[in-house]
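Student: Just to be clear, the model below is a prediction. Sequence and coordinates:
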Amino acid sequence: MNDTFEQNVHRDVKAPKICYTAGGMLIHANKVLLVKHKKLGIWLNPGGHIDEGELPHEAAEREFFEETGVKVKAVDVFSLPGVEKKYSLVGKSKTAFPYGENFGFQPNPMTTNLHWVNEESYQLRLKSDNPDKRYPTARWKRGCEQHVGFFYLLQAVDGVTFSQNQEETDGIAWFRLADIDELETRDNIRAEIKLGFAISGIQ
Ligand SMILES: [Zn+2]
């Protein structure tokens, strides 16, 4: 991971092609709602690419709904009840343009992470005739090499009854904190989920 970080700090070297993604974590009755990703074969929080003209937290809300059928809203981490003082500035400015003021605070993500999705493409591209071009693959149609993921805490807007998205997922279920160590997933995702439980006051 340190290599990835160095790579992106020193942007004078040919940088990986970055795509921006957003996702989120819904905790309800001490459980988190996760989906089993079809392409990756692991359990994770719903999420996906941020569309053009979309704010990161809007993408997290939309992706969550698409993958679970549950309507959610992103929570600003600085507005959590456990935070000693309430630092949140969300809602303290008027609506951003085009109609209101030209500035609007948006919900802050719980984490912002950077990860490789296709390092192979990056290495091949550097050696190719045209290293500036993107090389989409069947799995990564946009030619993404790294993702920057904005990861939000979410709250349900209108109940938590889910329905599985058969196209994108192989499963959907609620998990307790005690289930997370044994979950079929990656360590970084596990750490992110545990952080979500922790800052939601669940031990
Ligand atoms: Zn991507």
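Tutor: All right, it came through fine. Numbering: from 1, shown residues only.

Student: in what helix or strand does the closest residue to the ion within the chain lie?
Tutor: Among the residues of the chain, Cys144 lies closest to the ion, at 2.9 Å counting by CB to the ion. Every residue, glycine included, has its C-beta placed from N, CA and C. Applying DSSP states H and E as the criterion places Cys144 outside every helix and strand.

Student: ditto for Leu153
Tutor: Using DSSP H and E, Leu153 maps to strand 146-156.

Student: just to revisit the earlier point, what are the phi and psi angles of the closest residue to the residue of the chain closest to the ion other than its chain neighbours?
Tutor: Counting by CB to CB, 6 or more residues apart in numbering, Cys144 lies nearest to Cys19, which is 4.0 Å off, once chain neighbours are set aside. Geometry field for Cys19 lists phi and psi as phi -120, psi 150, criterion degrees, to the nearest 10.

Student: list the contacts for the nearest residue to Trp116 once chain neighbours are set aside?
Tutor: Distances taken as CB to CB, 6+ apart put Gln146 closest to Trp116, at 5.6 Å, once the chain neighbours are dropped. Counting by CB atoms under 8 Å, 6 or more residues apart in numbering, Gln146 touches Thr4, Asn8, Pro16, Lys17, Ile18, Cys19, Leu114, His115, Trp116, Val117, Tyr122.
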